[in-house]
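*Asks:* quick check, what structure comes out for this input:
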Amino acid sequence: MSLFNVFDVSGSALHAQSIRLNTTASNMANANTVSSSIDKTYRARHPVFAPMLADFEEQQNGVGVKVLGIVESNAPIKREYNPGHPMADGEGFISLPNVNIAEEMANMISASRSYQSNIEMMNSVKQMMMRTISLGQ
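*Replies:* You can find the predicted model right below:
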């Protein structure tokens, strides 16, 4: 792997972590939304990552990460008995999202640290390249 490929790998990781941060922020923003129907209730979303591989003829070295998509959590929707709420259904229940705030905070911290690590790696490679160039002067 050449030194220039490090930027491609790190760039794909930055893109993936950016998507992870955005979905986590969306989950947290919708954590307290209320619905009268289970079908209309917000469901937590999570990105699915996979390694990008080199051509089949090569040694199958990883060359980055790609986002396969964003899936909805299949955790059960919370139902709460609150007959006085304006969004209550006929039985007096409101539906709340299946977002776990503690889990989302952990995801956000992990994603931001991974993002930061990739930035630091890119800066380190840049410094190594600059020092290599300065050796010839």
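*Asks:* moving C-terminal of the longest strand seen in the chain, what's the next helix or strand?
*Replies:* What stands out as the longest strand in the chain, according to DSSP state E, is strand 62-72. As assigned by DSSP states H and E, the chain's next helix or strand after strand 62-72 is strand 78-81.
*Asks:* for the longest strand of the chain, buried residues please.
*Replies:* Applying a neighbour-count criterion of 16 or more other C-beta atoms under 10 Å, one finds 63-65, 67 buried in strand 62-72. C-beta coordinates here come from the backbone N, C-alpha and C atoms, glycine included.
*Asks:* stretch 35-44 now?
*Replies:* By neighbour count, with 16+ other C-beta under 10 Å as the criterion, the buried positions of stretch 35-44 are 35-36, 41-44.
*Asks:* lowest pLDDT pick from those?
*Replies:* Per-residue confidence across the buried residues of stretch 35-44 is lowest for residue 36, with 85 (pLDDT).
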